[in-house]
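Enquirer: One predicted model, sequence on top.
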Amino acid sequence: MKSGAAHHFPPLVFRNGKKILWNRIEKKPLANRPEERVRLRFIDYLTLECGWPSSRIGSEQTIADRDGTPRLRADLICFDKSFKPSLLIECKAESIPLNQKTAEQIALYNRHVHAPHLCITNGINDFWFETGNGGIRTLARPPLETGAAKPAAGLDYWVARGFAGRNALKHNGTDFAEILRNFWSGDGFLKVRYLDIGHATSELQFDHYYKVTDIDNDVRIAVTFMAGHTGDTYLTAIYNHCGTNKALLFINLDSVKGQRTDNAVLVSGSRQCRLDLRGKIPAAIAMAQGKSPGGETENLPEILLSIFRQDV
């Protein structure tokens, strides 16, 4: 089934200008690895959507034999009110398919944990199981209490996950948060990907979650919002042709809001040029001002494509 973590994103922090993940359970930074991102997204699903107390979630728990010898390490263990294991979760990277081997792995772990419910996830799909009567059966739905409604994500949520710079808290308010919620919501999560771009500037690291649009068989446009380490917010797009990233465009929305002409940079190969995109991307201007751009977010990939084709 579609993962409960599908529309959640991992928290992060900046350390010395670099983005690293932040584990809210253990209150510590983590290396930005695929499996870590899935684990943090699932923690958000459990706490924000299912209302599971973070105080009863163990992350990377050591599993010991009866004699106390450490043997394995569990990704997540959720405990009931008596602090007995209630749910054991095995997290895999988004690129790893869930198969029989993964199910056998969590069953092996549960010989030591003895949780009545199990889950294997890659952040895209979840498989749930129930133990009992000497066996394991597959469940058609999560065995979780979902009575706690998912709270509307405020701007602080998006700042904490690197989609808005901290300066946005000063002037964009709830409107910009609504724009981000609308941008990332919907049923098209399979078109949302974490892309390891490997490109960085003094202000930005471009490895991030992007929404990908297929323009035609050869061309894709990936779009995202991201925070710079100095606190500004950027609208960033990637032009991909036949599987190769050809150009990168990033627009400083705080510069657009401030009516500064030097507000965008386009990188194509070794060439880099500065652009003034005021008036050329109405959606970006509206977003920078915390106003709803209406249907313009839907047309954003086509607007960005026209800029790429003019300058690449």
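Expert: Nice, I can see it. Residues are numbered from 1 along each chain as shown.

Enquirer: who touches residue 126 in this structure?
Expert: Going by C-beta atoms under 8 Å, 6 or more residues apart in numbering, residue 126 touches 1-5, 119-120, 142. The C-beta positions use only the backbone N, C-alpha and C, and glycine is treated the same way.

Enquirer: Pull the number of nearby residues for residue 178.
Expert: Counted with other C-beta atoms under 10 Å, the neighbours of residue 178 add up to 16.

Enquirer: Return the distance of whatever helix or strand it lives in from the chain's centre.
Expert: Element membership of residue 178 [criterion: DSSP states H and E] is helix 173-184. Here helix 173-184 is found 15 Å from its chain centre; the criterion is C-alpha atoms, centre = their mean, to the nearest Å.

Enquirer: how about low-confidence regions in the stretch 51-200 of the chain?
Expert: Within the stretch 51-200 of the chain, the stretches with pLDDT under 70 are 64-71, 145-152, 171-174, 186-190.

Enquirer: all helices of it, in order?
Expert: 100-113, 155-160, 168-171, 173-184 (DSSP state H, counting those that start in this stretch).

Enquirer: Residue 210: which of these is closest?
Expert: Residue 210 lies closest, by C-beta to C-beta, to one member of the helices of the stretch 51-200 of the chain: helix 173-184, at 10.6 Å.

Enquirer: elements contacting the closest one?
Expert: helix 155-160 (3 or more C-beta pairs under 8 Å, 6 or more residues apart in numbering; DSSP states H and E).

Enquirer: Please name every helix or strand in contact with the helix it packs on.
Expert: Using 3+ C-beta pairs under 8 Å, 6+ apart: helix 155-160 touches helix 168-171, helix 173-184.

Enquirer: Export those as a markdown table, with columns for distance to residue 22.
Expert: A markdown table is the format used below for the helices and strands packed on helix 155-160 (distance: least, C-beta to C-beta, whole Å):
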| stretch | distance to residue 22 |
| --- | --- |
| helix 168-171 | 17 |
| helix 173-184 | 19 |
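
Enquirer: do you know which of the ones you listed lies nearest residue 52?
Expert: Residue 52 lies closest to helix 173-184 among these, at 22.0 Å (C-beta to C-beta).

Enquirer: count of residues packed around residue 197?
Expert: If we define neighbours as other C-beta under 10 Å, then residue 197 has 16 of them.

Enquirer: picking that back up, can you tell me which of the helices and strands packed on helix 155-160 is nearest to residue 14?
Expert: helix 168-171 (14.6 Å).

Enquirer: Which residues does that closest one contact?
Expert: Identification of contacts with helix 168-171 by C-beta under 8 Å, 6+ apart yields 155-156, 158-159, 176, 233, 254, 257, 290.

Enquirer: which one of these is nearest residue 274?
Expert: residue 254 (15.7 Å).

Enquirer: circling back: quick one: buried ones out of the contacts of residue 126?
Expert: Among the contacts of residue 126, the ones that count as buried by 16 or more other C-beta atoms under 10 Å are 3-5, 119-120, 142.
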